[in-house]
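Novice: Sequence and predicted structure are below.
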Amino acid sequence: MNAFDECLFPHSMVCSAAARMEFGLDSFEFLHSTFFFLLPESEGYIEEFQRYKSYVINHWPLLAPAQFLQASLSNHYLRRSCPIAHKLLTISATLPMTSVECERYFSIMKRIKTDTRNRLSVETTSKLLIAAIDASAVEDFAPYACIREFQERKKRQREADLDALDALDAS
């Protein structure tokens, strides 16, 4: 993430014109080579990066990173004139900042797919994982509300059945 921060975000860019020309080139080239297959083709990606830096420094020099991402990703000029930088910004916005969430999912998966449950299909495992991730805590479960809802459904179903029988009797 440091390479993204060094070359794409205005709060880290140097403001003097001479230093700005060289600033972030190494990081940008590293990102360009790392994500090459995801980026649009461009002959002059260094020139595009220079154009991107000038635009960003002139338009959003003081925005915080989150505000900057929101403004830059919705900017049509950047999307058209700096497609590589725009795509790298999109990538930086979608990468997780930490691996905590992934580790949490693997822990849940470890609880679901045990040695005694090793024959679960992929579909079943996936459904159990989704249920485990999205489910409310057991402590939050309100059984009386569920029982009341069940009884109401049964009552409506019984009433519908009785109405259907009355309609049959009438005809």
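Specialist: Perfect, I can see it now.
Novice: what sits up against stretch 80-99?
Specialist: 1, 4, 8, 28, 31-32, 35, 38-40, 42, 45, 48-49, 51-52, 55, 69, 72-73, 78-79, 102 (C-beta atoms under 8 Å, 6 or more residues apart in numbering). From N, CA and C alone the C-beta is placed, and that goes for glycine too.
Novice: Return a ChimeraX selection command for the buried portion of those residues.
Specialist: Here is the ChimeraX selection string for the buried members of the contacts of stretch 80-99, based on 16 or more other C-beta atoms under 10 Å:
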select :4,8,28,31,32,39,45,48,49,51,52,55,69,72,78,79
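Novice: Narrow the contacts of stretch 80-99 to those in helices?
Specialist: 4, 8, 28, 31-32, 45, 48-49, 51-52, 55, 69, 72-73, 78-79, 102 (DSSP state H).
Novice: Next, the buried residues of the helix or strand harbouring residue 129.
Specialist: Secondary structure assigned from DSSP states H and E places residue 129 in helix 122-134. Across helix 122-134, burial judged by 16+ other C-beta under 10 Å covers 128-129.
Novice: If you count contacts, what does it end up packed against?
Specialist: helix 100-112 (3 or more C-beta pairs under 8 Å, 6 or more residues apart in numbering; DSSP states H and E).
Novice: Could I get the average pLDDT for the helix it packs on?
Specialist: Here helix 100-112 scores 86 as its mean pLDDT.
Novice: low-scoring stretches of this structure, by residue?
Specialist: Under the criterion pLDDT under 70, the flagged ranges of the chain are 1, 3, 5-6, 11-21, 171.
Novice: Where does the record place the domain boundaries for it?
Specialist: 2-94, 98-135, 142-171 (automatic domain parsing).
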